[in-house]
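> could you look at this predicted model? Sequence included:
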Amino acid sequence: MDGKYQRMLRRTAFLLIDIMVCFISALITIYVVENTLRTFYEFLLLVITLIAVQVLSLMFFKIYRIRIVDSSLDLMVRGLGALTVSGFLIILIVLFASKDFSYTFRLVATYWVYSTIFLLGYRIIYRVASSYHFRRVDTDGRPKAIIYGAGEVGSQLVRMYFKNKLGFSIIGFIDDDPMKVHTMVQGIPVIGTSRDLHSMMEQHKPNVLIIAITKLSSDRMKETLDIAGAFKAEVKIVPSLFEVEQGRKSITDLRSIDYADLLGRTLISIDREPIRNMVHNKRVLVTGAGGSIGSEISKQLLSYEPEQLLLLDVDETELHDVSLRLHGYRNEFSNTIMPIVCDVKDSVKIERVFAKYKPELVFHAAAYKHVPMMEYYPEEAVKTNVFGTYNVFSTAVRHQVKRCILISTDKAVNPTNVMGATKRVAELVARMLSTEETQIICVRFGNVLGSRGSMLPLFLEQIREGLPITVTDRKIIRYFMTIPEAVSLVFLAGALGKGGEVMVLDMGEQVNIYEFAKRLVKYFGDGRSKVIITGLRPGEKLYEEKLSDKDTTIPTDNPKVFKAKVNGMFDASRLQQLLDALNSSDTDDMLKILQDLVPEFSYQGPVQA
């Protein structure tokens, strides 16, 4: 039996029950008002009218679309609204047929009271009996669990538990709020606060600790994991609010702790409407679509229903893989999602792509990002990050693309390495090319967790192999955000920004890499790995500038997005000089011009391969 037929059958059943309930309410009303049922046939037409008006009113308020087992206050609000409106309509109808207002009001009011009690009452009883702890839950063989967090998320988990949709036997809650202790949540007791976690674990000996909090500090997370580890309890965690809002996960998709959780959980929630207005029904081009950032951009773009998504990358393997994933592994190509093998340095091919597909929105994520590697090969960073950006945006301007967004980096702020300097020049190029017809916005953000070539996948690989984790300095600190959250904020910044502006993201609190590496070894290692210090790499900073510093940025309406204060203008003639130096293979001259273009660039000297 398919879902549509089941829904129709369920709604029909409730409709018939409601008609019967209304009929019984009418009988009781006539008996109460007339003190007899002998006159029932005299009221038959009135009864049919009353029932018809009420049922139609219930339909209008969409009562039959509400799943009673999942309903809450919405059922009461809609139900009372429907029955109140129908009561007024019935009074008008009866008054039209009878001029005796007193008798009419007494009859209708009595009927309204009984029908409301019965119609809503049996639904509430059904809701309670089917969804709460009146129904026996089979917990045989299930691991015992304590839930950390007695809020809405924890309450949803208990609802699933009583529906036999949670694979654990819940002992109780702990919560940070002491006022909740000794209260009940869906029939499950709150047995203590987070300060009591150690004693509660010792007393109840649960197999699992479920973290049902969407915002938890790094220190609190560390303390919780330490206590759970001391009692050999497995830790499960609910998806982040961001994942739930994006529709990627449901609250019951519990998972094990991963390295991102060791940084603490941030509450990221964005307004999707400006992004939808920017993307919906547009032809969108993403360069660098095969990379970790570009592929996440492409994935999230699909949720805003673009007319066509163009995936451009020079790496055909990564491009093939991301296209296959976005097609749900059913196709590799389609009119909606089109992969394009192309190097952004190839101006002729870029021109053909814009002429053929006519994109209306461009996300430029293609770039070389590996800091030490670009210190060895600065000419490659200049070719791709500077002139690749110029090719894409100058072509976009010629084809009157409405909006372009450059994915930049915090390393473009007072750069000490070639990669950061070339990304700063890319921002200047974007600002120079931006017009009223083609608005080009730059968005800077810091490190993202798990991106290709970043340190965290390297750390985990070293731990799996039992190798030492290499950290360059005990004091080195960085900003971090998950890839989906960073990309979502990039969209918002791109939608809020105007042509020529540089938007920056608030990446939260800085993380000490050395301390974080020690946590990784502790929670994911098998005793073989240790953390060792290797010294700063060429072009590497000890501290990254705070992107949202009030001295260098201007706040926007969104607390996570800022506008950078950018001074100076770009001298286009110097771009030609940079190209001439690049073509002549004069690396020293090229670096000198790069330093002239970015006066704050403090180059530490070329490292010979």
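In hand now; what should we look at? None of these values were measured; they are calculated from a predicted model.

> buried sites along the host helix or strand of Glu375?
For Glu375, the host element (DSSP states H and E) is helix 371-376. Neighbour-count burial for helix 371-376, counted by 16 or more other C-beta atoms under 10 Å, picks out 371, 373-375. All C-beta atoms are positioned from the backbone trio N, CA, C, and that covers glycine.

> now the following helix or strand past it: mean pLDDT?
Downstream of helix 371-376, the first helix or strand assigned by DSSP H and E is helix 378-381. For helix 378-381, mean pLDDT rounds to 94.

> next one: helix 378-381 to chain centre, how far?
Computed by C-alpha atoms, centre = their mean, to the nearest Å, the separation of helix 378-381 from the middle of its chain amounts to 35 Å.

> buried stuff in that helix?
By 16+ other C-beta under 10 Å, the buried positions in helix 378-381 come out as 378-381.

> got it, and stretch 492-503?
So, applying 16+ other C-beta under 10 Å, buried residues of stretch 492-503: 492-497, 499-503.

> out of these, what pair is the most spread apart?
Leu492 and Gly500 (18.3 Å; C-beta to C-beta).

> which residues in the stretch 101-250 of the chain form strands?
For the stretch 101-250 of the chain, applying DSSP state E, counting those that start in this stretch gives strands covering 144-148, 169-175, 184-185, 188-193, 208-211, 234-237.

> need the buried residues of stretch 492-503 in TSV (columns: secondary structure, pLDDT and distance to Lys144).
Shown next, in TSV, are these (DSSP: H, G, I helix; E, B strand; the rest coil; pLDDT from 0 to 100; distance: C-beta to C-beta, whole Å):
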residue	secondary structure	pLDDT	distance to Lys144
Leu492	helix	89	42
Ala493	helix	90	45
Gly494	helix	91	47
Ala495	helix	91	47
Leu496	helix	89	48
Gly497	coil	90	51
Gly499	coil	91	58
Gly500	coil	90	59
Glu501	coil	91	54
Val502	strand	92	53
Met503	strand	91	48
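
> just the mean pLDDT for the helix or strand where Asn277 lies, thanks.
Using DSSP H and E, Asn277 sits in helix 273-279. For helix 273-279, the mean per-residue pLDDT is 92.

> buried ones in it, by neighbour count?
So, applying 16+ other C-beta under 10 Å, buried residues of helix 273-279: 274-275, 278-279.

> confidence score at Leu45?
So Leu45 comes in at 75 (pLDDT).

> what's whatever helix or strand it lives in packed up against?
If you go by DSSP H and E, Leu45 is part of helix 44-60. Judged by 3 or more C-beta pairs under 8 Å, 6 or more residues apart in numbering; DSSP states H and E, the packing partners of helix 44-60 are helix 3-34, helix 73-97, helix 101-131.

> and the ones you listed as a markdown table, adding distance to Arg195, mean pLDDT and mean neighbour count?
Formatted as a markdown table, those follow (distance: least, C-beta to C-beta, whole Å; pLDDT from 0 to 100; neighbours: other C-beta atoms under 10 Å):
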| stretch | distance to Arg195 | mean pLDDT | mean neighbour count |
| --- | --- | --- | --- |
| helix 3-34 | 47 | 83 | 15 |
| helix 73-97 | 33 | 76 | 16 |
| helix 101-131 | 32 | 79 | 16 |
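
> mind putting the ones you listed into a markdown table with distance to Arg444?
Shown next, in a markdown table, are these (distance: least, C-beta to C-beta, whole Å):
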| stretch | distance to Arg444 |
| --- | --- |
| helix 3-34 | 46 |
| helix 73-97 | 42 |
| helix 101-131 | 48 |
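
> so which of those helices comes closest to Thr317?
Closest approach to Thr317 among the helices and strands packed on helix 44-60 (C-beta to C-beta): helix 3-34, 39.3 Å.

> over to Arg574. Which of the three states is it?
Counting by DSSP: H, G, I helix; E, B strand; the rest coil, the backbone at Arg574 sits in helix.

> so who does it touch?
Residues in contact with Arg574 (C-beta atoms under 8 Å, 6 or more residues apart in numbering) are 593, 596-597.

> of those, buried ones?
Here, 16+ other C-beta under 10 Å leaves 593, 597 buried among these.

> so which of the contacts of Arg574 is the closest to Gly79?
Leu597 (67.9 Å).

> pLDDT at that closest one, what is it?
Reading off the model, Leu597 has pLDDT 88.

> right, and it touches Leu578 too?
Yes: using C-beta atoms under 8 Å, Leu597 is in contact with Leu578, at 7.1 Å.

> overlap of the contact sets of those two?
Taking C-beta under 8 Å, 6+ apart as the criterion, Leu597 and Leu578 both touch Val425.

> picking up where we left off before, which of the helices and strands packed on helix 44-60 sits closest to Ser334?
Of the helices and strands packed on helix 44-60, nearest to Ser334 by C-beta to C-beta is helix 3-34, at 27.0 Å.

> residues touching Glu351, list them.
With C-beta under 8 Å, 6+ apart, Glu351 has these contacts: Thr395.

> the strands in the stretch 301-450 of the chain, which residues?
Using DSSP E, counting those that start in this stretch, strands in the stretch 301-450 of the chain cover 308-313, 337-341, 361-364, 403-407, 439-444, 447-449.

> can you classify the closest residue to Thr472 other than its chain neighbours by secondary structure?
Distance criterion C-beta to C-beta, 6 or more residues apart in numbering; nearest residue to Thr472, sequence neighbours excluded, is Leu536 at 4.9 Å. With three-state DSSP as the basis, Leu536 sits in coil.
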